[in-house]
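Trainee: Sharing a model prediction with you, sequence too.
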Amino acid sequence: MFRMFQQAGPTAFPLVLLLFVVIGLGIYRFLQVVQTGAAKAPALQAGINTILFWGCYSAVLGLFGQFSGITKALRAVAEMGVVDPRLVYLGLYESFLSTLMGLIIFLFASLIWIVLRTFYMRLPEAAE
């Protein structure tokens, strides 16, 4: 697991951090939605949507890591001339790790968002 983390490149740490942000926000907002007396409020809805935002940001960051890795690999291939195809495929494997991590976080954030959104829609309107 640690080796895969290292191979994902410089975007791996921010992606793991974003995973914890998504989980933390999900737990916090879930507790807000299920508490006794909870009602629909713009701030609560915005907080739930924030989870989806950070999931999307993770996917974009993962793609940025992939583009960065492929660019570095192509530069190395251009400098070396003849390269063993296995090394090229290994470089592609490593560049796709960050994208995979970002998309998994996005999937996870989307699932949390849809569950919280369902609970939120069942809440009564706030009393004025």
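Mentor: Now that the structure is in, tell me what you want to look at.

Trainee: and the gap between Leu87 and Leu31?
Mentor: 49 Å (C-beta to C-beta, to the nearest Å). From N, CA and C alone the C-beta is placed, and that goes for glycine too.

Trainee: So for these two, which residue has more residues nearby?
Mentor: Per other C-beta atoms under 10 Å, whichever of Leu87 and Leu31 has more neighbours is Leu87, with 13 against 10.

Trainee: Now do the same contact list for Ala59.
Mentor: Gly102, Leu103, Ile105, Phe106 (C-beta atoms under 8 Å, 6 or more residues apart in numbering).

Trainee: typo on my end, Glu125
Mentor: Neighbouring residues of Glu125 by C-beta under 8 Å, 6+ apart: Ala39, Lys40.

Trainee: How about it: which residues does it bridge to?
Mentor: Glu125 forms beta bridges with Lys40, as assigned by DSSP bridges.

Trainee: let's number from 30 now, not from 1
Mentor: Sure, I'll start numbering at 30, so the last one becomes Glu154.

Trainee: Look up the pLDDT of it for me, please.
Mentor: The model reports Glu154 with a pLDDT of 83.

Trainee: Would you quantify the distance from it to Ala68?
Mentor: 7 Å.

Trainee: can you pull the pLDDT of Gly110?
Mentor: If you check Gly110, the pLDDT there is 78.

Trainee: what about it, how many neighbours?
Mentor: Gly110 has 6 neighbouring residues, counting by other C-beta under 10 Å.

Trainee: what sits against it?
Mentor: Residues near Gly110 by C-beta under 8 Å, 6+ apart: none.
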